[in-house]
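Could you look at this predicted model? Sequence included:
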Amino acid sequence: MLNKFLAAGIAAATIAGVATAAYAGKELDAIKARGSLICGVSTGVAGFAAADSQGKWTGIDVDVCRAVAAAIFGDADKVKFVPTTAQQRFTALQSGEVDLLVRTTTYTLTRDTALGFDFTGINYYDGQGFMVNKKLGVKSAKELNGATVCVQPGTTTELNLADYFRANKMTFKPVVIEKIEEVRAAFFAGRCDVFTTDASGLYATRAANAPNPDDYIILPEIISKEPLGPVVRHGDNQFADIVRWALFAMIEAEEYGITSKNIDEMMKSDNPTIKRILGVTPGMGKALGVDDKWVYNIIKQVGNYGESFDRNVGMGSPLKIARGQNALWTQGGLQYAPPIR
Amino acid sequence: MSDDALPGGERRQLAPPVDESGALGWMRKNQFSSWGNGITTVVLIVAVVWILSGFLDWAVFTANFTASVGSECRGGGACWALIREKYRYIFFGSFPYEQHWRPLFAVIAMLTMLVTSADRRMWNWRLLVIWGLGSFVTFLLMFGQIHIPLSLFLTIALVLGGIGMNLRKAIAEPAEMNAYRALAAIGLVGLVLRITGILPAWSLAIAPFSYVETSLWGGIPVTIILATYGLAFAFPYGVLLALGRRSNLPLIKGLCVGFIELIRGVPLISLLIMASVMLPLFLPSGTTIDKFLRAQVAVILFAGAYIAEVIRGGLQSLPKGQFEAADAMGLNYPQKTLLIILPQAIRVVIPPLINTFIGFFKDTSLVLIIGIFDFLNTANQALVDPNWAGFPGEVYLFAAFVYFIFCFSMSRYSKYLEVELNKGTRR
């Protein structure tokens, strides 16, 4: 209730306040003059943005921020991270406290329009999934007929669950528990067969709370759309372009097999597309208003999308999230970047 | 005549029976005086031993102190290796890692400042020196660089002069009074010249270390700074509010009552959200006030209202004669208030005042909802790291232990103060 009220207030205040003319370069000039990018991240979501033991921020959201800094300054470390809470994140972006928000924020129409923002892409396709104990021998959500399902009440999660089972002509017994910690405890204690929430949350729960993470699997079906992406405010299309293409560059680099390890050899490649991407054939950076070696700097210092995914949330991390929808389009996923041409 | 009798009619002092003295006697008297008590004692001892052995088994005997990654800890007892890995982050947050000695010494400086100013013998001009020096060292270490503008020096001169002129009126030597007048005059004239732009915008730059902005501060320095300066500013502010609430001037009284009731009527969280979410929307785009400063101001306003009500209780407990006697001696209002009324009023309210302080020390952790990483929040962060996730018990126990040390020292200090300040009235 309070959240709704706040959101309405913020939206109203914004519509009144964001009637500024959109001209290029204003934000970008301020960032360049300051010498660093200010990036709003979450206050701690494993694999997406969290401070490590030395207080350094890591995660796939953090990597997008670092990539943008690498594109603008040629140095991925020229970025300051401002942790923002769910209530406060949009004001932080609107008021100019942060230049860019990469905070597991779902891309929706109202946020893209009425709040005065532009989503520049999708760096993680999230959605509601199911986790089960391996002992059940279930391989697909379609086999869950008659299962008991642990779920939090009053959430979209609960509605999606009911819709999905009805659409597939299956029945389920809900175990409705208010607090997320207690839902998890109930699931791992065996009170229900299935635990459902956003897939990224399932993987994080499995890594952190399961007595033995290898005993549980997350089923491949994703039953809702939660596309998460970087957000900028209206007003500087050039800066928005840089943020958009920094992410595309990471995805494009993975598609062409350019990694932080082999990039120096790739610079000698004869492939005209790779030459264009890496700035060996100049022009792309200039069009974007940054150095022609922008992709080189991003990939060398941050890595391509696959490397970032693997290191932070994928098989190279304790979360062990499968690529799934986040695989490249060439491998059956949804990650698709327009050509750098 | 028995052998027990000694010359002079004295009787030999016999030791009391074994079962009525020493540990045995005490136990018999207090723990096993009846069947019911005996059974209760045995049951409780068994329960305590059972719980304690379970706890010790978890916390010490099967605990893992050396694991290099969280998964090695699984299945055993407490994972203290997590604290070993994360303690620097929990204490100092995202402050640059190789410079953690700076917040460490800042915390030491603040604690020294607090402990020395707790001593009653320091409650005079020394207090100003201690706080001035302590705050300077703290913020120099935390920021790394401090720029003190000319106008701050002038303001301090004006305030010091003004206080001296009012408080020492008719008590001080003429030379001393003249010094206060000169100080106030320099401050006032300087400020006017500075505002009109005749004096340049000069500032004293002290920059021995690299600059670290408040968004990187975290952990225990944040908690202590928010609590210490929150309360240090809220206290005089609360006193002013309390005095204002008892004022005869309707406007001042109305403002103070309105403020106190408004602030007490809303939770601290809503005030923090106002400061961090709504306030930036009212400012022109591009101007942002430091988030940490906004939280600090919110804490001061909030604590001020509560302290005002505590102080008001003290003021009301004073007999009217004290006010009249001060008036009869020809003291002016500041002298009457500061020399006669407040010392007595505050002495009465020390327990509720310290209670408020302890409450606010813990309430500062609410700043986590606006994304400031105080001690509790950095402890929370340690739980997010997927390499070490899944050990909330250890982290919260550790955090609770640290909070307990601070709050328990405050409550012991309150005890000491009560004894110390009530020497005159104790029988």
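Received it, and whenever you're ready, just let me know what you need.

interface residues of the stretch 201-341 of chain A facing chain B?
Neighbours of chain B within the stretch 201-341 of chain A, by Cβ under 8 Å from any Cβ of the partner chain: A:A204, A:A207, A:A208, A:N209, A:P211, A:N212, A:S317, A:P318, A:L319. All C-beta spots, glycine's among them, are computed from the backbone N, C-alpha and C.

Spell out which residues of the stretch 301-427 of chain B are next to chain A.
So far as Cβ under 8 Å from any Cβ goes, the stretch 301-427 of chain B lies against chain A at B:368-371, B:373, B:377, B:380-381, B:383-387, B:389-390.

The residues of the stretch 201-341 of chain A next to chain B: which two are farthest apart?
For these, the farthest-apart pair by Cβ to Cβ is A:P211 and A:S317; their separation is 19.7 Å.

Tell me the one among the residues of the stretch 201-341 of chain A next to chain B nearest to A:L37.
A:S317 (24.6 Å).

okay, A:P211 and A:S317: which has more neighbours?
For A:P211 versus A:S317, the count of surrounding residues by other Cβ atoms under 10 Å in any protein chain shown is larger for A:S317: 21 against 11.

any idea which helix or strand carries the more buried one?
Using DSSP states H and E, A:S317 falls within no helix or strand.

Let's see the pLDDT reported for it.
If you check A:S317, the pLDDT there is 90.

And A:R233, by the same measure?
Value for A:R233, per-residue pLDDT: 93.

Could you report the pLDDT at B:F235?
If you check B:F235, the pLDDT there is 92.

what about the strand or helix carrying A:A240, average pLDDT?
Following DSSP H and E, one finds A:A240 within helix A:237-255. When pLDDT is averaged along helix A:237-255, the result is 95.

Please list the residues outside the next helix or strand after it that contact it.
Downstream of helix A:237-255, the next assigned helix or strand under DSSP H and E is helix A:263-266. With Cβ atoms under 8 Å, 6 or more residues apart in numbering or on different chains as the test, helix A:263-266 has contacts from A:G257, A:I258, A:I274, A:L278, A:Y296, A:I299, A:K300.

List buried members of those residues by neighbour count.
A:I258, A:I274, A:L278, A:Y296, A:I299, A:K300 (16 or more other Cβ atoms under 10 Å in any protein chain shown).

contacting residues around the first one?
When contacts are counted by Cβ under 8 Å, 6+ apart, A:I258 is found next to A:M266, A:I274, A:I277, A:L278, A:I299, A:N304.

do the same with the second one
Residues in contact with A:I274, defined by Cβ under 8 Å, 6+ apart, are A:Y256, A:I258, A:M266, A:V280.

Now do the buried residues in stretch B:383-398.
For stretch B:383-398, the neighbour count (16+ other Cβ under 10 Å) marks B:L383, B:V384, B:D385, B:P386, B:N387, B:W388, B:A389, B:G390, B:F391, B:E394, B:V395, B:F398 as buried.

from the chain's centre, how far out does it sit?
Here stretch B:383-398 is found 27 Å from its chain centre; the criterion is Cα atoms, centre = their mean, to the nearest Å.

List the buried residues for whichever strand or helix holds B:G187?
In the assignment (DSSP H and E), B:G187 maps to helix B:174-196. Of the residues in helix B:174-196, B:M177, B:A179, B:Y180, B:L183, B:A184, B:G187, B:L188, B:G190, B:L191, B:R194 count as buried by neighbour count, 16+ other Cβ under 10 Å.

residues touching B:A172, list them.
B:G164, B:Y180.

rewinding a little: okay, the buried ones among the contacts of helix A:263-266 in JSON lines with pLDDT next?
As requested, the buried ones among the contacts of helix A:263-266 are exported to JSON lines (pLDDT from 0 to 100):
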{"residue": "A:I258", "pLDDT": "95"}
{"residue": "A:I274", "pLDDT": "94"}
{"residue": "A:L278", "pLDDT": "94"}
{"residue": "A:Y296", "pLDDT": "96"}
{"residue": "A:I299", "pLDDT": "96"}
{"residue": "A:K300", "pLDDT": "96"}
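
now, the most widely separated pair of these?
Maximum pairwise distance among those (Cβ to Cβ): 14.3 Å, between A:I274 and A:K300.

Walking through chain A, point out its helices one by one.
A:2-17, A:26-34, A:60-73, A:89-94, A:109-112, A:156-167, A:180-188, A:199-209, A:237-255, A:263-266, A:272-277, A:284-288, A:294-301, A:305-312 (DSSP state H).

any idea of the mean pLDDT for the first one?
For helix A:2-17, the per-residue pLDDT values average out at 46.

what distance separates the helix holding B:G187 from the middle of the whole chain?
Its chain's C-alpha centre and that of helix B:174-196 lie 34 Å apart, by Cα atoms, centre = their mean.

for stretch B:128-144, same thing?
Here stretch B:128-144 shows a centroid-to-chain-centroid distance of 16 Å under the convention Cα atoms, centre = their mean.

which of the residues in it are buried?
Buried-residue list, stretch B:128-144, by 16+ other Cβ under 10 Å: B:I130, B:W131, B:G134, B:S135, B:V137, B:T138, B:F139, B:L140, B:L141, B:M142, B:F143, B:G144.

All the helices of the stretch 51-200 of chain B, residue numbers only.
Ranges of helices within the stretch 51-200 of chain B are B:80-92, B:101-118, B:125-143, B:150-167, B:174-196, based on DSSP state H, counting those that start in this stretch.

Contacts only, for the closest residue to chain B within the stretch 1-150 of chain A.
Nearest residue of the stretch 1-150 of chain A to chain B: A:S95, at 3.4 Å (Cβ to the nearest Cβ). Neighbouring residues of A:S95 by Cβ under 8 Å, 6+ apart: B:P280, B:L281, B:L283, B:S285, B:T288.

And A:L100, by the same measure?
The contact partners of A:L100, taken as Cβ under 8 Å, 6+ apart, are A:L37, A:I38, A:C39, A:G40, A:C65, A:V68, A:L93, A:P230, A:V231, A:V232, A:V243.

ok, now A:K300?
So A:K300 contacts A:S260, A:I263 (Cβ under 8 Å, 6+ apart).

Now for chain A, the helix or strand with the poorest mean pLDDT.
For chain A, using mean pLDDT, DSSP states H and E, the weakest element among its helices and strands is helix A:2-17, scoring a mean of 46.

hang on, the earlier thing: packing partners for the helix holding B:G187?
helix B:150-167 (3 or more Cβ pairs under 8 Å, 6 or more residues apart in numbering or on different chains; DSSP states H and E).

for the helix it packs on, packing partners?
helix B:174-196, helix B:333-335.

can you tell me the residue of the stretch 301-427 of chain B closest to chain A?
Counting by Cβ to the nearest Cβ, the stretch 301-427 of chain B gets nearest chain A through B:A389, at 3.2 Å.

is it true that that residue touches A:A204?
Yes. In terms of Cβ atoms under 8 Å, B:A389 counts as a neighbour of A:A204; the distance is 7.5 Å.
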